[in-house]
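**Q** quick one: sequence plus predicted model below, questions after.
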Amino acid sequence: MTETTNLAAKVLLLEHDAKQYQCLMDFCERMGLMAMPRSAPDALATLSQHKDLGGVMLAEDLPLEGMDSLALACSIHKLRPELPIFLRRTSNQPLSEEQEIAIRHPWTTGDLAQLQSCVERSIFSLRYPTELVNGVVELTCSAMRSMFPHATVKAESPYVVHDRIIFGQVSTLIPLESTWCRGYMMLQTEEGALRQGLMQGMGYEGVGGDLNFRELNHLLGETTNLIWGAFKNRYIPPKAFANQQSQVPIVINHEHKYISFGSQDPQLCVRYQLSDPRRPGLPPLTIVQRLIFNLHWSPEEFAVFADASSGSSAATGELELF
């Protein structure tokens with residue numbers, strides 16, 4: 001099997017016991033989890049602020065006013081059912097049917113091996129080849145620099161998410177299909193930030209002014225197409241077809257900014273920051289990229305493809321424009 005990269009994931013940490021808190025912080029560091037410690041009253045508000053979480057760690061005996069931690073877990077599950085909840089058990093009280101549905105990963109206090117197994121089985125259920133992750137970031141940065149020639153493009157460290165909440169108001173979606181994968185790539189950004197970035201001169205000369213939403217949609221669509229063309233040239237061999245040609249419905253709820261691809265698997269996520277070197281004081285434009293391999297995913301087949309294509313003319317990395 002090809003080398004896989006150890007990606008991070010953000011987890012909401014709701015823990016009041018000082019000893020257990022430090023133990024879990026150390027555990028998260030070892031596992032590559034970015035812990036976000038919060039108090040119980042801030043838990044639901046934090047969910048509304050962060051749309052790219054990998055899971056929630058919750059203590060069963062967390063002190064709360066007006067409800068217990070099990071009721072809080074059920075509330076979190078109702079808001080974000082795709083997030084795995086890891087409950088640190090402090091009692092032998094059986095969970096109700098509703099609680100068992102919400103809390104898929106209870107673990108016994110002190111049994112970090114059990115917690116690790118739960119984390120690996122849920123948050124890190126998919127492994128991504130290092131060559132692929134680095135290649136996607138490289139070709140995406142190149143495409144963004146082409147579409148935003150006056151911007152400095154920087155990629156944050158890739159990570160995995162379980163959240164299905166859309167970032168911003170403008171999104172694009174394009175299929176990805178090869179012998180080793182089938183799924184989609186998304187780009188997401190805030191409409192106001194994209195308009196402001198173009199007005200301050202990140203794009204081509206003359207692109208700016210009073211841009212309407214259709215023009216902004218078109219620009220992000222062209223950026224997506226450029227990335228897809230580079231991905232196609234590098235990672236999709238001629239006449240590539242996955243073994244399984246199944247499809248699943250994609251569900252989009254615009255009111256809640258929610259999108260589901262019919263899979264509970266984690267998604268590969270990269271955040272790109274585009275800034276204007278001539279105006280260092282202005283906030284950067286954030287573009288979020290997600291790769292969702294919900295229909296077919298085989299890192300082993302990617303390794304075979306990468307070995308076969310190395311040194312061949314099929315993997316030149318040249319762009320095709322459409």
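**A** Great, that's in hand. What you see is a predicted model, and the numbers here were worked out from it, not measured in a lab. Residues are numbered from 1 along each chain as shown.
**Q** tell me where the model's unsure across the protein.
**A** Residue ranges of the chain with pLDDT under 70: 1-2, 4-5, 204-210, 239-247, 311-322.
**Q** can you pull out the helices in the chain?
**A** 18-31, 43-49, 69-79, 97-102, 112-122, 130-147, 191-199, 213-235, 299-309 (DSSP state H).
**Q** of those helices, which approaches Ser157 most closely?
**A** helix 130-147 (9.4 Å; C-beta to C-beta). Just so you know, the C-beta spots here come from the backbone N, C-alpha and C atoms, and that holds for glycine as well.
**Q** what's in contact with that closest one?
**A** 2-5, 7, 151, 153, 155, 158, 203, 219, 222-223, 226-227, 230-231, 234-235, 268, 270, 272, 274, 287, 289, 291, 302, 306, 317, 319 (C-beta atoms under 8 Å, 6 or more residues apart in numbering).
**Q** quick one: buried residues of it?
**A** 131-133, 135-137, 139-141, 143-144, 146-147 (16 or more other C-beta atoms under 10 Å).
**Q** what's Arg89 in contact with, if anything?
**A** Arg89 touches 60, 106-109, counting by C-beta under 8 Å, 6+ apart.
**Q** then Lys154?
**A** By C-beta under 8 Å, 6+ apart, the contact set of Lys154 is 272-273, 275.
**Q** what bridges to it?
**A** Lys154 has these beta-bridge partners by DSSP bridges: Gln273.
**Q** distance check, it against Asp307.
**A** Counting by C-beta to C-beta, to the nearest Å, the gap between Lys154 and Asp307 amounts to 31 Å.
**Q** please parse this structure into its domains.
**A** 4-122, 128-315 (automatic domain parsing).
**Q** so which of the helices of the chain is nearest Gly55?
**A** Of the helices of the chain, nearest to Gly55 by C-beta to C-beta is helix 112-122, at 6.8 Å.
**Q** run the chain-centre distance for the closest one.
**A** Helix 112-122 sits 20 Å away from the centroid of its parent chain (C-alpha atoms, centre = their mean, to the nearest Å).
**Q** for it, which outside residues touch it?
**A** So helix 112-122 is contacted by 23, 27, 31, 33, 55, 84, 86, 104-105, 107-108, 162 (C-beta under 8 Å, 6+ apart).
**Q** just want the most central residue of this protein.
**A** Cys269 (3.2 Å; C-alpha atoms, centre = their mean).
**Q** pull the contacting residues for that one.
**A** Taking C-beta under 8 Å, 6+ apart, one finds 52, 158-161, 288-291 in contact with Cys269.
**Q** again, only this time at 7 Å
**A** Residues in contact with Cys269 (C-beta atoms under 7 Å, 6 or more residues apart in numbering) are 52, 158-161, 288, 290.
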